[in-house]
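Participant: After the sequence you'll find the predicted model.
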Amino acid sequence: MVNSIKIYKNFNIEKKHKDSIILIGNFDGVHLGHQKLFTLAKKYKKKYAVKIGVLTFEPMPKMFFDDTIKNFRISSLNQKIALLKKHGVDFLIKKKFTKEFSKTKSTKFINQILGKKLNPKFVFVSNNFRFGNKREGNVRQLIKYESLHNYKIIKPQPLLINKKIVSSSLIRNFLQNGKLNIANKFLNRNWSIEGKVQKGRQLGKKIGFPTANIDIQNYVLAKPGVYAVKVLRHNSLKYNKGIANLGYRPTFNQKKILLEVHLFKFSSNIYNKYLTVEFLKFIRKEKKFKTVDHLKKQIKIDLLIAKK
């Protein structure tokens with residue numbers, strides 16, 4: 001049974017969530033490396049009878065500081081919350097990241113926020129964790145204040161697979177380079193996009209392959225191309241298999257990135273409905289066809305591969 005999760009929008013947490021384990025980070029994708037942390041945190045929870053909390057920031061600081069970064073996230077905030085819940089997190093502090101907050105001195109963060117308001121028993125951070133104004137704070141500084149605030153810093157070893165540290169940036173790189181199978185392995189699940197079906201130009205319908213169009217918002221742009229997918233409708237337990245094109249639709253000279261999903265053996269109206277699209281297999285990269293007939297022929301070949 002999946003536990004419920006309490007969500008805070010500031011640092012004023014309830015007494016029952018003090019003296020807990022706090023894990024600090026973005027946790028984008030909640031990948032195998034993160035999952036290893038939560039497995040360790042659960043051992044501490046059992047041993048010391050404490051709760052597990054996560055402190056994360058929205059928007060992600062990297063996106064906040066560089067507004068040219070549009071397509072970055074492996075998982076949406078909703079997906080992240082669901083995954084944290086699944087991995088045993090009891091409460092989440094979802095702090096809004098602002099210009100004012102970014103100027104918080106590292107000592108103020110330790111003394112006023114960590115020590116006074118959150119008052120944790122254990123703090124899990126990566127060895128390269130930086131915080132405070134201009135990233136001035138580091139793990140050494142956190143350790144220096146341990147006895148003053150009665151917390152203990154835990155620095156778990158990163159997870160290595162094939163001599164590579166499992167990280168969100170590595171998974172983004174795999175997705176961007178069409179290595180979906182490796183990305184899915186490192187995520188320990190199928191990478192997915194959640195979104196609302198929009199009314200499009202109905203180009204797919206005109207050529208005999210109706211599609212549900214989904215804006216990918218600020219999700220990382222995986223390699224543009226054709227993918228085998230399975231789709232879950234909101235409030236449904238049944239998956240529908242399908243095929244998706246992620247990209248710019250060069251044959252039709254489109255400029256905007258779009259996810260178009262064609263579902264097999266499906267005819268219901270799903271406009272304005274929310275879908276979760278799970279990416280199973282990268283079939284081919286996106287290409288521009290000389291004619292629409294050439295495109296239709298290729299789609300038929302793609303469909304055979306996707307249905308395997």
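Facilitator: Noted; the coordinates are in hand.
Participant: give the contact list for the residue nearest to the spatial centre of the chain.
Facilitator: In the chain, the centroid-proximal residue (Cα atoms, centre = their mean) is Ser75; its distance is 2.0 Å. Residues near Ser75 by Cβ atoms under 8 Å, 6 or more residues apart in numbering: Asp28, Gly29, Val30, Leu83. For every residue, glycine as well, the C-beta is placed using N, CA and C.
Participant: same thing with Ala222?
Facilitator: Taking Cβ under 8 Å, 6+ apart as the test, what Ala222 contacts is Leu175, Gln176, Gly178, Leu180, Trp191, Leu246, Phe279.
Participant: quick one: which of those residues is nearest Tyr239?
Facilitator: Phe279 (13.0 Å; Cβ to Cβ).
Participant: got the contact list for that closest one?
Facilitator: Leu180, Asn184, Asn190, Trp191, Ser192, Ile193, Ala222, Tyr227, Ala228, Val229, Ala244.
Participant: lowest confidence element among the helices and strands of the protein?
Facilitator: Within the chain, no helix or strand scores below helix 203-206, which has a mean of 56 by mean pLDDT, DSSP states H and E.
Participant: helices or strands next to the next helix or strand after that one in the packing?
Facilitator: Per DSSP states H and E, helix 203-206 leads on to strand 212-214 as the next helix or strand towards the C-terminus. The criterion is 3 or more Cβ pairs under 8 Å, 6 or more residues apart in numbering; DSSP states H and E, and the helices and strands that strand 212-214 contacts are strand 192-198, strand 258-263, strand 274-285.
Participant: How far off centre is strand 212-214?
Facilitator: The chain centroid and the centroid of strand 212-214 are separated by 20 Å under Cα atoms, centre = their mean, to the nearest Å.
Participant: Need the contact partners of that strand.
Facilitator: Contacts for strand 212-214 (Cβ under 8 Å, 6+ apart): 193, 195-200, 231, 258-263, 270, 275, 277.
Participant: give me that answer again for 10 Å
Facilitator: 193-204, 231, 233, 242, 244, 246, 258-263, 266, 270-271, 273-275, 277 (Cβ atoms under 10 Å, 6 or more residues apart in numbering).
Participant: Which among the residues you listed count as buried?
Facilitator: Among the contacts of strand 212-214, those classed as buried by neighbour count (16 or more other Cβ atoms under 10 Å) are 193-197, 200, 203-204, 231, 233, 242, 244, 246, 258-263, 270, 275, 277.
Participant: Where does the record place the domain boundaries for the protein?
Facilitator: Following automatic domain parsing, one gets these domains for the chain: 6-164, 190-306.
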